[in-house]
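Asker: okay, sequence plus prediction incoming.
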Amino acid sequence: MTECLIRTKLKKNIPNKIHIIGSVGSGKTTLARVLSIKLNIPFYELDNVVWIRQKNGDVRRSEEERDKYLNTIINNESWIIEGVHNDAWVSDSIENAELIIFLDINYSVRTYRIVKRFFLQKLGLEKSHYKPTFKIFLKMFKWNRHFEQVGKPNFHNKFGIYSNKILVISNKSEAKRFLNI
C-alpha cells in the first residue's frame with residue numbers, strides 16, 4: 001500500500017496498536033512518546049521488555065519472562081511498542097499491530113544523534129535507562145551499522161508481508177506530517 005493510501009486510511013481510522021521499528025538514533029522513543037500523548041495510548045520500549053531496570057544494573061529477563069511480558073502488552077486493547085528488535089520473539093507484536101511505522105532515517109543522521117545523545121546524557125541533560133558509558137557509546141555505533149546492514153533487510157524480508165500496514169518515515173518532516181494526520 002502506498003504512503004498516500006495509508007495516510008488516507010489513518011485519517012478515517014486511528015490505530016490502537018502501533019509498532020515502531022528503527023535503528024538506534026532513529027527517533028523511535030520520541031515518536032512513541034508524542035503519539036502516546038496525542039492518541040492517549042500507553043507506549044512500551046522493547047528494551048524494557050528485554051531488561052529489568054535496577055539501580056545496581058540491568059538484569060536480562062529470561063526468554064520465557066520476556067515473551068510473557070510482551071504478550072501481556074499485546075493482549076491489551078491499545079499500545080504503542082517501539083524498538084530496534086525484529087527477531088522472531090517480536091513477531092506477534094508486528095502481526096497484531098494495526099500500523100507498523102518503519103523509521104528509515106539516514107545513517108549519518110542517526111550517527112550524529114548517537115553522539116549528541118551521549119554528550120547530553122553525560123551532562124545530565126537527557127535521561128537514559130542505562131548508564132551512558134563509553135563502552136555503550138561504542139556499541140551504539142556497532143548496533144547502528146548492524147541495523148543498516150542486517151536489521152533493515154531482515155525486517156523487509158520477514159515482515160514485508162504486512163506491507164499494507166507499514167508506513168516508512170525517512171526524515172523529520174515526514175514524521176511531523178504523519179503526526180498531523
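Answerer: Alright, I've got the coordinates.

Asker: where along the chain do the strands fall?
Answerer: In order along the chain, the chain carries the following strands (DSSP state E): 17-22, 43-45, 51-52, 59-60, 79-83, 99-103, 166-169.

Asker: closest one to residue 111 among those strands?
Answerer: Minimum separation from residue 111 across those (CB to CB) falls at strand 17-22, 13.7 Å. Using the backbone N, CA and C atoms, a C-beta is placed for each residue, glycine as well.

Asker: give the pairing partners of the closest one; include direction for each.
Answerer: strand 79-83 (parallel), strand 99-103 (parallel) (DSSP bridges).

Asker: got a list of contacts for it?
Answerer: Strand 17-22 is touched from outside by 28, 31-32, 35, 41, 74, 78-86, 90, 93-94, 96-105, 147, 155, with contacts defined as CB atoms under 8 Å, 6 or more residues apart in numbering.

Asker: let's see 6 Å
Answerer: Outside strand 17-22, the residues that touch it by CB atoms under 6 Å, 6 or more residues apart in numbering are 28, 31-32, 79-82, 93-94, 96-103.

Asker: for the chain, give me the ranges with low pLDDT.
Answerer: 1-12, 181 (pLDDT under 70).

Asker: would you map the helices across it?
Answerer: Ranges of helices within the chain are 3-12, 28-39, 46-50, 63-74, 91-96, 107-122, 134-146, 152-159, 172-179, based on DSSP state H.

Asker: out of those, deepest packed?
Answerer: helix 46-50 (a mean of 19; mean count of other CB atoms under 10 Å).
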